[in-house]
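K.L.:
Need the 3D shape of this:
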Amino acid sequence: MKEWFGTALALSLFALVIGCNQSPQVYDFGAGEGEQYGNGKFDSSAVAVFLDFEFDARLVTRSCFNPRSAIDEQLLYTVGQFNGQNSLGRLDQLQISNVQVEESNGKCEISYHAVVPAAWGKRNNVPQAYTFMLPLDVSHTGTQNFMDKYEHSCLSWGAHDVTAGIFWYYYRPELYNCHLDETDIVRADAVVTSSTIQTTGKYPEYHKIWEDDVFEVVAIFGKVEDGGDNADGGVRGYNSFVSAIKDLLGNTNYHSVPAYIPNKPGIEMPEITFEGSFEDGRKIKVSAFLIDSVGSASFNFWGKYEALTPSADFIVYNGHSGLGANIQTLARKGVWTTGQYSVVFMNGCDTYAYVDSALADAHAAVNDDDPEGTKYLDIVANAMPSFFRSMPGATMALVEALLDWENPKTYEDIFRNVDKAEVVLVTGEHDNVYTPGYSEEPTH
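P.N.:
The predicted structure follows:
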């Protein structure tokens with residue numbers, strides 16, 4: 001994992017009504033495996049296009065000891081600026097070259113060349129050039145001074161309890177009332193080109209999902225607040241999803257555990273399983289969980305989760321990303337089976353930036369024919385914040401599309417039924433082989 005995660009994401013986290021952050025925790029993103037998807041990674045979206053931003057930049061910091069760490073610190077601010085454009089860069093895919101270091105007057109001056117791939121969320125307004133406005137001084141004192149000076153004019157509307165350590169996430173330099181002194185910033189003029197990671201017209205692997213005639217869903221809903229009651233937005237989302245599944249299965253022969261499920265099961269019923277059969281012999285199993293948060297989830301929950309993952313076709317987490325901590329934790333859970341294909345939806349804020357190769361590594365480890373780890377895995381993620389109110393609808397968009405094998409949809413078509421504000425996309429689908437009429441399509 002690149003250094004910027006270890007530097008920036010081991011931070012204080014706080015609660016929002018969007019699936020971004022929550023109660024304070026610390027997560028070491030530099031530990032263990034987890035290199036980001038590298039060569040051969042391709043992505044698709046109904047809203048975004050994938051672009052490369054190439055530019056030169058410079059910075060000032062206190063010490064020349066670790067130039068790359070200082071560069072990563074400065075480029076974190078592209079996350080906020082990109083979000084202001086309904087977009088998100090992939091700093092894990094960052095290419096840095098021509099690093100020049102010079103000590104002067106007790107400070108370190110660093111210049112460098114960078115290429116940042118990004119999901120650009122304005123498909124009909126693609127730039128040929130773009131200017132980043134990055135803080136010049138990225139020392140501890142410099143970033144604190146930058147926040148003190150601009151926290152009232154250059155932050156997104158949802159920002160609160162902001163510290164210098166997370167200012168970059170909410171940084172919006174293109175707001176009309178954000179007036180940056182030229183002495184405080186470096187303007188990095190980027191050349192923008194189409195990225196080679198773009199794909200289109202790719203389908204989920206319907207033939208793999210239905211090869212055993214059973215569609216297995218694992219759906220996890222986190223709360224807005226740890227300990228939240230039935231008024232919590234995450235609890236309401238869980239209730240909505242359960243209600244939607246009941247409606248979906250209403251005309252089938254199904255049973256549930258518990259046998260009786262009220263209209264609003266809420267915190268009194270945090271675990272529900274549905275199993276149903278269709279007239280053509282196909283079956284569906286849905287395991288729904290309500291948890292306080294990924295970070296506080298019990299051993300009992302994780303045991304149940306890992307018992308379900310070996311045969312799961314669709315896994316979805318709805319909740320706070322925790323600036324990546326929750327996504328990283330979940331990605332390192334699960335038990336995977338040779339040949340089992342899964343679609344995994346990380347439905348939180350900016351999850352496209354936080355998905356690393358932990359899931360792909362785990363799949364590659366049990367599939368000799370898949371060294372890249374994507375043949376049996378597609379990951380759906382967001383380039384923008386995901387609102388709790390939209391999470392059950394996004395989940396059902398995937399469930400209904402994957403369930404309907406007789407009318408298969410491309411990922412772009414599926415994503416048209418997801419709240420466009422979250423800029424949903426898929427990664428790892430480049431090696432999918434299914435198209436309508438594929439020879440391995442199930443017959444009944």
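K.L.:
Skipping adjacent residues, who's closest to Thr395 in space?
P.N.:
Excluding the flanking residues, the one nearest Thr395 by C-beta to C-beta, 6 or more residues apart in numbering is Val316, at 5.1 Å. Every residue, glycine included, has its C-beta placed from N, CA and C.
K.L.:
care to break the protein down by domain?
P.N.:
Domain assignment for the chain, taken from automatic domain parsing, gives 50-194, 206-431.
K.L.:
The last one: end-to-end distance?
P.N.:
Across its full length, domain 206-431 reaches 14 Å between end residues, using C-alpha to C-alpha, to the nearest Å.
K.L.:
ok, Ile96 touching Val116?
P.N.:
No - using C-beta atoms under 8 Å, Ile96 is not in contact with Val116, being 9.7 Å away.
K.L.:
Among these two, which residue is more densely surrounded?
P.N.:
Val116 (21 against 16; other C-beta atoms under 10 Å).
K.L.:
Tell me if I'm right that Gln340 and Pro310 touch.
P.N.:
Yes - contact criterion C-beta under 8 Å: Gln340 and Pro310 qualify, at 6.5 Å.
K.L.:
neighbour count winner among those two?
P.N.:
Higher neighbour count among Gln340 and Pro310: Gln340, with 20 against 15, using other C-beta under 10 Å.
K.L.:
Helix, strand, or coil at the more buried one?
P.N.:
The three-state assignment at Gln340 reads coil, by DSSP: H, G, I helix; E, B strand; the rest coil.
K.L.:
Against His255, how distant is it?
P.N.:
25 Å (C-beta to C-beta, to the nearest Å).
K.L.:
List the contacts of the residue most central in space within the chain.
P.N.:
For the chain, the residue nearest the mean C-alpha position is Thr351 (1.6 Å; C-alpha atoms, centre = their mean). Thr351 makes contact with Ser321, Ile327, Ala381, Asn382, Ser386, according to C-beta atoms under 8 Å, 6 or more residues apart in numbering.
K.L.:
and the third one, what are its phi and psi?
P.N.:
Dihedral angles of Ala381 (phi, psi; degrees, to the nearest 10) stand at phi -150, psi 170.
K.L.:
What are the neighbouring residues in contact with it?
P.N.:
Phe345, Met346, Thr351, Tyr352, Tyr354, Val355, Val424, Leu425, Val426, Thr427.
K.L.:
So which of those residues wins on neighbours?
P.N.:
Neighbour max across the contacts of Ala381 (other C-beta under 10 Å) = Val424, 31 neighbours.
K.L.:
Can you tell me who it pairs with across the strands?
P.N.:
Beta-bridge partners of Val424, counted by DSSP bridges, are Asn382.
K.L.:
and what of Lys285?
P.N.:
Going by DSSP bridges, Lys285 forms beta bridges with Glu216, Glu275.
K.L.:
before we move on, back to that, relative to Ser439, which of the domains of the chain is closest?
P.N.:
In terms of C-beta to C-beta, the element of the domains of the chain nearest to Ser439 is domain 206-431, at 8.4 Å.
K.L.:
Test my guess that Val224 contacts Gly233.
P.N.:
Yes - using C-beta under 8 Å, Val224 is in contact with Gly233, at 4.5 Å.
K.L.:
For Trp168, which residues are in contact?
P.N.:
Counting by C-beta under 8 Å, 6+ apart, Trp168 has contacts Ala8, Leu76, Tyr77, Val79, Gly80.
K.L.:
would CSV of the residues you listed with secondary structure be doable?
P.N.:
Listed next are these as CSV, based on three-state DSSP:
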residue, secondary structure
Ala8, helix
Leu76, coil
Tyr77, helix
Val79, helix
Gly80, helix
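K.L.:
I'd like these as a markdown table, with pLDDT and neighbour count appended.
P.N.:
A markdown table is the format used below for the contacts of Trp168 (pLDDT from 0 to 100; neighbours: other C-beta atoms under 10 Å):
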| residue | pLDDT | neighbour count |
| --- | --- | --- |
| Ala8 | 34 | 21 |
| Leu76 | 93 | 24 |
| Tyr77 | 97 | 22 |
| Val79 | 92 | 22 |
| Gly80 | 95 | 20 |
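K.L.:
Quick check: of the residues you listed, which lies closest to Asp212?
P.N.:
The closest of those, once distances to Asp212 are taken by C-beta to C-beta, is Val79, at 40.7 Å.
K.L.:
gap between that closest one and Val343?
P.N.:
In terms of C-beta to C-beta, Val79 sits 26 Å off from Val343.
K.L.:
Number of residues surrounding Asn382?
P.N.:
For Asn382, the count of nearby residues is 29 (other C-beta under 10 Å).
K.L.:
What of the one 10 residues further on?
P.N.:
When neighbours are defined as other C-beta under 10 Å, Pro392 has 23 of them.
K.L.:
now do Ser390
P.N.:
Neighbours around Ser390, by other C-beta under 10 Å: 21.
K.L.:
Wait, a helix at it?
P.N.:
Yes - under three-state DSSP, Ser390 falls within a helix.
K.L.:
Could you give the number of residues near the residue lying closest to it once chain neighbours are set aside?
P.N.:
Using C-beta to C-beta, 6+ apart and skipping the chain neighbours, the partner closest in space to Ser390 is Asp419 (4.0 Å). Using other C-beta under 10 Å, Asp419 is surrounded by 19 other residues.
K.L.:
Surely Asp419 and Thr395 touch.
P.N.:
No - judged on C-beta under 8 Å, Asp419 makes no contact with Thr395 at a distance of 11.3 Å.
K.L.:
Ok, which of the domains of the chain comes nearest Thr200?
P.N.:
Closest among the domains of the chain, using C-beta to C-beta: domain 206-431, at 6.7 Å.
K.L.:
follow-up on the earlier one: deepest of the domains of the chain, which one?
P.N.:
domain 206-431 (a mean of 20; mean count of other C-beta atoms under 10 Å).
K.L.:
now that one: mean pLDDT?
P.N.:
Mean pLDDT, domain 206-431: 95.
K.L.:
in this protein, what residue sits furthest out from the centroid?
P.N.:
Within the chain, the residue lying farthest from the chain centre (C-alpha atoms, centre = their mean) is Asn105, at 41.9 Å.
K.L.:
That one and Tyr112, how far apart?
P.N.:
Taken as C-beta to C-beta, the span from Asn105 to Tyr112 is 20 Å.
K.L.:
ok, now Val423?
P.N.:
Counting by C-beta to C-beta, the gap between Val423 and Tyr112 amounts to 28 Å.
K.L.:
Return the distance of stretch 232-248 from the chain's centre.
P.N.:
Relative to its chain's centre, stretch 232-248 lies at 21 Å (C-alpha atoms, centre = their mean, to the nearest Å).
K.L.:
who's in contact with that stretch?
P.N.:
Against stretch 232-248 from outside (C-beta under 8 Å, 6+ apart): 17, 219, 221-225, 228-230, 261, 263-267, 270, 272, 274, 286, 288, 290, 318-319, 388-389, 391-393, 395-396, 399-400, 403.
K.L.:
mind redoing it with 7 Å?
P.N.:
17, 219, 221-225, 228, 261, 263-267, 272, 274, 286, 288, 290, 318-319, 388-389, 391-392, 395-396 (C-beta atoms under 7 Å, 6 or more residues apart in numbering).
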